[in-house]
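In: need coordinates for the following:
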Amino acid sequence: MTKSVHSLYIFSMSAVVVIVTAYLWIAGNSFYSLPLEERFYHPDYNWFKPSGLFGQGLGVIGTFMIAFGVAIYIARKNHGFMEKYLRIKYLLEFHIFLCTLGPILILFHTSFKFGGIVSIAFWSMIAIVASGVVGRFIYVQIPRNIQGQALGLEQIHNKQKVMLEGLKEGDVLTEDQLKVLLDSGLKSKKRYNIAKGYLKLSKASRKEKMQVLEILNKEKHLESKIANLSTMKTLFKYWHVIHKPFALIMLFVVLIHIGVTVTMGYTWIF
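Out: Residues are numbered from 1 along each chain as shown. This is a model prediction of the structure:
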């Protein structure tokens, strides 16, 4: 999938979420905006109420979307399901799409009325969605960027070495100065500051000085970015500590809710 197609893929799913949310609110605004005690008298009460054909349908479809989004992602990530056809990166986007739209449908299913055990499931769902967005932000950067940035940093180091040795050959840097600047254990920020001090006393032209400082500055920024991404990689390991427990809590409560609903005879169209 090319970058432009991938962008269109994400945009299309985002558009669907926005359009569906807008439609649901516009269609039921006259009902959802009423105080709870007045909704019974709304002409479409039996349609929009949580146990109504429309209201319960939103709950069933929303729950199915979440269950399917979670199941197919886990099957692919942990068990290699359809590994040749489903790239984990794009499946993650689809997983997020289903697990964003699904909760929105469930929100309208409740008709914005939360109470008892259902409120536990709802707030667990909100926590899952929020942590999922954060997890996605971390995940999409780590695999590609750390490898790519590390490669870029290596190229900068090679170019930096050639340039500094070239300055030495022109009697701009002493042997000791060159040894200090080429020390691989030296932090990029410190190397940059030391180089600035050396170059102030150097016979190099202004252009040569600017070239050296530019490439040392690139090294400094890139090294900082890699450090940040490495931190994100570490954070991602602990992200599941938040995401998974809330998912299990929601699953447990939803199963209870479905069991009670079916027992009471609310089976939607089945």
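In: correct me if wrong: residue 247 contacts residue 128.
Out: Yes. Look at residue 247 against residue 128 with C-beta atoms under 8 Å: they come within range, at 5.5 Å. C-betas here are computed from N, CA, C, even on glycine.
In: comparing those two, which residue is more hemmed in?
Out: Higher neighbour count among residue 247 and residue 128: residue 128, with 23 against 20, using other C-beta atoms under 10 Å.
In: find the nearest non-adjacent residue to that one, please.
Out: Counting by C-beta to C-beta, 6 or more residues apart in numbering, residue 128 lies nearest to residue 246, which is 4.9 Å off, once chain neighbours are set aside.
In: so how far is residue 207 from the one you found?
Out: Residue 246 sits at a distance of 58 Å from residue 207 (criterion: C-beta to C-beta, to the nearest Å).
In: out of the two, which sits in the more crowded spot?
Out: With neighbours defined as other C-beta under 10 Å, residue 246 and residue 207 compare such that residue 246 has more, 20 against 8.
In: next, that one: secondary structure please.
Out: Taking DSSP: H, G, I helix; E, B strand; the rest coil as the rule, one finds residue 246 in the helix state.
In: start at 720, not 1
Out: Yes, from this point I'll number from 720; that puts the last item at residue 965.
In: got the contact list for it?
Out: Contacts of residue 965 were listed using C-beta atoms under 8 Å, 6 or more residues apart in numbering, and they are 843, 844, 846, 847, 850.
In: just checking, the third one touches residue 964?
Out: No. Counting by C-beta under 8 Å, residue 964 is not a contact partner of residue 846; they are 9.1 Å apart.
In: list the buried ones in stretch 730-740?
Out: Going by neighbour count (16 or more other C-beta atoms under 10 Å), the buried part of stretch 730-740 is 732, 740.
In: next: stretch 896-914.
Out: Residues of stretch 896-914 classed as buried: 896, 897, 900, 901, 907, 910, 911, 913, 914 (neighbour count, 16+ other C-beta under 10 Å).
In: try stretch 760-776
Out: 761, 764, 767, 768, 769, 771, 773, 774, 775.
In: please report how far residue 803 lies from residue 813.
Out: For residue 803 relative to residue 813 (C-beta to C-beta), the value is 17 Å.
In: which of those two has more neighbours?
Out: Under the neighbour definition other C-beta under 10 Å, residue 803 and residue 813 were set side by side, and residue 813 has more, 16 against 6.
In: could I get the buried residues of stretch 760-776 as a markdown table with distance to residue 831 and pLDDT?
Out: Below are those laid out as a markdown table (distance: C-beta to C-beta, whole Å; pLDDT from 0 to 100):
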| residue | distance to residue 831 | pLDDT |
| --- | --- | --- |
| 761 | 14 | 94 |
| 764 | 14 | 94 |
| 767 | 11 | 94 |
| 768 | 12 | 91 |
| 769 | 10 | 88 |
| 771 | 14 | 91 |
| 773 | 15 | 94 |
| 774 | 11 | 92 |
| 775 | 15 | 92 |
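In: what is the nearest of those to residue 792?
Out: Top of the list for closeness to residue 792, among the buried residues of stretch 760-776 and by C-beta to C-beta, is residue 775 at 26.2 Å.
In: just checking, that closest one touches residue 985?
Out: Yes. With contact defined as C-beta under 8 Å, residue 775 counts as touching residue 985 (6.3 Å).
In: that older thread, so between residue 846 and residue 964, which is more surrounded?
Out: Of the pair residue 846 and residue 964, residue 846 is the one with more neighbours under other C-beta under 10 Å, namely 17 against 13.
In: roughly how far apart are the more buried one and residue 830?
Out: Note on residue 846: its distance to residue 830, by C-beta to C-beta, is 21 Å.
In: quick one: low-confidence ranges for the stretch 770-919 of the chain?
Out: Flagging of the stretch 770-919 of the chain using pLDDT under 70 yields the residue ranges 834-837, 855, 857-892, 903.
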